[in-house]
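1. Sequence and predicted structure, then a few things I'm wondering about:
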Amino acid sequence: MTGELANPPTAWRYCGNQMKLWRVEAGVSREELATEAGYGAETIKSMEQGRRRPTLRVLEIADDLCGAQGKLKAAYVYLQPEPFVPYAREFMLYEGEAIALSSYQPLLIPGLLQTESTMWTLFNTHWPPLTDETVEERVKARLARQAILQEQAKAFSFVIGEAALRNTLGCPEAHRRQLLHLLQAAEQRNIVIQVLPIEGAHPGLDGSFLLLETPERKWLVYEEGQIGSSLCSDPERISDLTQRHAMIARYALSPEESTQFIRKLAESL
């Protein structure tokens, strides 16, 4: 890992550009800044071009050398990794306020039900690869999201594909703990978990989606793909997917049967 990104965040590019502008105006060479900060000149160049995230040390040294009076150091807080992918930010706001949530995931354990180990595994296999700081930030954010499951007045329904439950993600022991975590969650009276068998034709073959109800009793549907997502309030689309979710749940095992199924899988690992 070089520390450089092919498509760096705008904040990196803006901060790097400001650092260069202050340096040039103050008559400080790139080599002088590099020597004072303990970095190579090429590394400083990468930071100024926005290809590498400026470090706090470089910003502090540049601030002092260029007489920026704290303006460059103040930029560091805006360079921290985003806790969520940009296209999911709006949905996360609604999720936190929702009073009901119905999820269908054929290939993955839903984020709200993932163990920390599962999160690390999934984020570490993201491509293009994420920085260690970004992975850590997103794991913390996903764990924080799970607090809404403890709000007993909120209702949660999860239909999970059998394929997601059988995929150990390469570590049977960690996956066993994940399955036990699902069983523990299913004991809460506000959480319903159903398993959709892998065999047979059903309306869920077209992919995952999520329905949520706002405190104003309005429904939204959220769909996520490889590099984008859609948050929709169109009544016709919501009606279609509400019916589809109900039909998918009919094809799924009952909550009691699902608990037995998950327990047997866990015992087999």
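-> Perfect, thanks for sending it.
2. ok, now which ones touch L210?
-> 101-104, 221-223 (CB atoms under 8 Å, 6 or more residues apart in numbering). Where you see a C-beta, it was placed from the backbone N, CA and C, and this is true even at glycine.
3. Who wins on neighbours among those?
-> Sorting the contacts of L210 by how many neighbours each has (other CB atoms under 10 Å) puts Y104 first, at 25 neighbours.
4. who does that one bridge with?
-> Applying DSSP bridges to Y104 gives these bridge partners: V159, F209.
5. residue boundaries of the helices in the chain?
-> Taking DSSP state H to define them, one finds helices in the chain at 10-26, 30-37, 41-48, 56-66, 89-97, 116-124, 132-145, 162-166, 172-186, 235-251, 255-268.
6. Looking at those helices, spot the one closest to I198.
-> For these, the distance to I198 is smallest for helix 162-166, at 4.1 Å, taking CB to CB.
7. Averaged pLDDT, that closest one. What do you get?
-> In this model, helix 162-166 has an average pLDDT of 97.
8. got the CA coordinates for it in CSV?
-> Output in CSV follows, covering the C-alpha atoms of helix 162-166 (Å, rounded to 0.1, in the frame of the first residue of the first chain):
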residue,chain,number,x,y,z
GLU,A,162,-29.8,-19.5,3.2
ALA,A,163,-26.7,-18.8,1.2
ALA,A,164,-25.7,-16.0,3.6
LEU,A,165,-26.1,-18.3,6.5
ARG,A,166,-24.0,-21.1,5.0
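9. can you offset everything so residue one is 853?
-> Okay, residue one is now 853; in that scheme the one you just asked about reads as helix 1014-1018.
10. list the helices and strands that helix packs on?
-> Helices and strands touching helix 1014-1018, by 3 or more CB pairs under 8 Å, 6 or more residues apart in numbering; DSSP states H and E, are strand 1043-1048, helix 1107-1120.
11. Could you check it and say which residues are buried?
-> Residues 1014, 1016-1017 are the ones in helix 1014-1018 that count as buried (16 or more other CB atoms under 10 Å).
12. ok, now stretch 1106-1119?
-> Across stretch 1106-1119, burial judged by 16+ other CB under 10 Å covers 1107, 1110-1111, 1113-1114, 1117-1118.
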